[in-house]
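S.K.: Sharing a model that was predicted from the sequence below.
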Amino acid sequence: MLKLHNTLSGKKEEFRASDGATVRMYVCGPTVYSSSHLGHARPAVVFDTLRRYLEFSGHTVKLVTNFTDIDDKIIRRAKDEGSTEREISQKYINEYFEDMDALNVGRADIYPKATEHVQEMIDLVQKLLDNGYAYRVGEADVFFRVHKFSGYGRLSGRTPDQVKEARIEPDERKENAEDFALWKAARPDEPSWETPWGKGRPGWHIECSAMSGKYLAPLPFDIHGGGQDLVFPHHENEIAQTEAAFGKPMARFWLHNGFININREKMSKSLGNVFNLRAAYESYPPAALRLFLLGTHYRTDISYTPERLKEATAGLERILDALEKAEKLGDRELNDEAEQEYESAMKHFGESMDDDLNTAAALGVLYGSIHETNLALQSGQDQAELNAIAHAKAAGAMLKVLGLPTRRSDNMLKTRSEAGAQAAAPDEALLNALGEARALARTEKAFAVSDFIRERLIELGYEIRDLPDGKFEIKRRL
């Protein structure tokens, strides 16, 4: 039985579709004003894998992922580039699809855009005004009365005082500091829409409540997903405005993936350490990037280093090498012993995935099957070959659930990394010079220097091994 960690309850709960068959899932998509980065890739890969596993387990999944295509950042980008908000958002939506296709992220069933659902947002704001959960100020600004909604803070665990301190946009016109914007009054030279309370545009949070309610009714739908950074205020506000409007919970399960750290710092555009996907694809197969993301449990923060992506690339190569060798054995019917090997591997894989989508443990099962495949191939005996076929079959099934390629010719492996690596590879004389410098540093007991050289060689994709009599050997790691 699949168990998922529900952020709302703070514990793992058994998951079943509310109607027993179709899982209705909403995952917050990007604000489309710039190119996709690793922070966009992680939730996309996580929830694509969840969808794949649910389908593998016999469910039908209806997935909705939104695009925020009207926002302060999009407006600024359009002004900076002398373009329109529509042109900017569509440009980056197209890029997003290309980047996610490369990662083998399946397309959602529906991709609603905020600008195409303004009427639904107006209707929702009007409902909140009518029942007293919202109020007007100024020409057309509308705010939500947080203090009136008694359950506010239960998703994030924040107290009213913590909520008040967290608000970064103070406004003297608010009844209370913690109140948040549902609708913003029109400003000069910005997109706006007519409403019964004045001309303006929607706040950020209202769009997800309006669009999920339209496409995943009736409430509550099954799963709402996104990154940990969305728990507060975005998802907290979604819950408040949805429940206040309809008197029903918004979603049964709230799932959130962890942060990404770059060189031990949280990835952030303000820190200038954003890992752009298109740049990554120049050096690494997209499938290796997906494998890297799945190698850490989705709720755990993940640390990116070049070395970890190189390890993922090497791991992918080992997997595909084993499957290619097993394929040469032909398509044979499995006997009882081989069938048991297959069923045992799939059972352990399912147990890992059922444990809150533990892809890290599931990859351990996958690598175990690859190891068994290689061992059996070395034997050359008939039964060993049947066992190799069984483990390769299991590995192929696991790879499909994880969204990873089963063949080297898969489009996921297309990359220009080989040409780039050859062009940038250091020559043999330079490698030897580095090795000699390290050997001298070790002789002089300058171990910090020798360790630094070794680490730099690893970053370049090389391994140095010490031999007898002070000699060394340098080889490519991949």
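M.R.: Sure, I can see it.
S.K.: all helices for the stretch 1-150 of the chain, in order.
M.R.: Here the stretch 1-150 of the chain has its helices, by DSSP state H, counting those that start in this stretch, at 38-56, 72-81, 85-102, 118-130.
S.K.: Run the angle between the first one and helix 85-102 for me.
M.R.: Meaning helix 38-56. Put simply, helix 38-56 runs at 60 degrees to helix 85-102, going by axes from the mean of the first three to the mean of the last three CA atoms, to 10 degrees.
S.K.: Please apply the same query to the last one.
M.R.: Between the direction of helix 118-130 and that of helix 85-102, the angle (the same axes, to 10 degrees) works out to 110 degrees.
S.K.: Report all helices and strands that helix 118-130 contacts.
M.R.: The contact analysis (3 or more CB pairs under 8 Å, 6 or more residues apart in numbering; DSSP states H and E) places helix 118-130 against strand 134-137, strand 141-144, strand 180-185, strand 200-202, helix 206-215, helix 236-246. The C-beta positions use only the backbone N, C-alpha and C, and glycine is treated the same way.
S.K.: so residue 26 bridges to which residues?
M.R.: Taking DSSP bridges as the rule, residue 26 bridges to residue 64, residue 224.
S.K.: Please tell me how far residue 29 sits from residue 255.
M.R.: With distances taken as CB to CB, to the nearest Å, residue 29 is found 15 Å from residue 255.
S.K.: wait, what's in contact with the residue lying closest to residue 40 once chain neighbours are set aside?
M.R.: Of all residues not flanking residue 40 in the chain, residue 30 sits nearest, at 5.3 Å (CB to CB, 6 or more residues apart in numbering). Going by CB atoms under 8 Å, 6 or more residues apart in numbering, residue 30 touches 36, 40, 67-68, 92, 96.
S.K.: give me that answer again for 10 Å
M.R.: 36-37, 39-40, 43-44, 65-69, 92-93, 96, 100 (CB atoms under 10 Å, 6 or more residues apart in numbering).
S.K.: Looking at the residues you listed, which is nearest residue 21?
M.R.: Using CB to CB, residue 65 comes nearest to residue 21 of these, at 21.2 Å.
S.K.: what's the domain layout of the chain?
M.R.: As assigned by automatic domain parsing, the chain contains the domains 17-262, 282-413, 425-476.
S.K.: low-scoring pLDDT stretches of this protein, where are they?
M.R.: 167-169, 263-274, 409-427, 455, 459-461, 476-478 (pLDDT under 70).
S.K.: Now do the same contact list for residue 350.
M.R.: Residue 350 touches 2, 53, 56-57, 362, 365, 398, 401, counting by CB under 10 Å, 6+ apart.
S.K.: redo that, cut-off 6 Å
M.R.: By CB atoms under 6 Å, 6 or more residues apart in numbering, residue 350 lies in contact with nothing.
S.K.: And for residue 50?
M.R.: residue 357.
S.K.: how does it look with 10 Å?
M.R.: Going by CB under 10 Å, 6+ apart, residue 50 touches 2, 4, 15, 23, 25, 27, 61, 63, 223, 225, 255, 298, 353, 357, 359.
S.K.: again with residue 83
M.R.: Per CB under 10 Å, 6+ apart, neighbours of residue 83: 77, 91.
S.K.: For residue 92, see how far away it is.
M.R.: 11 Å.
S.K.: go on, residue 431?
M.R.: Distance from residue 431 to residue 92, by CB to CB: 41 Å.
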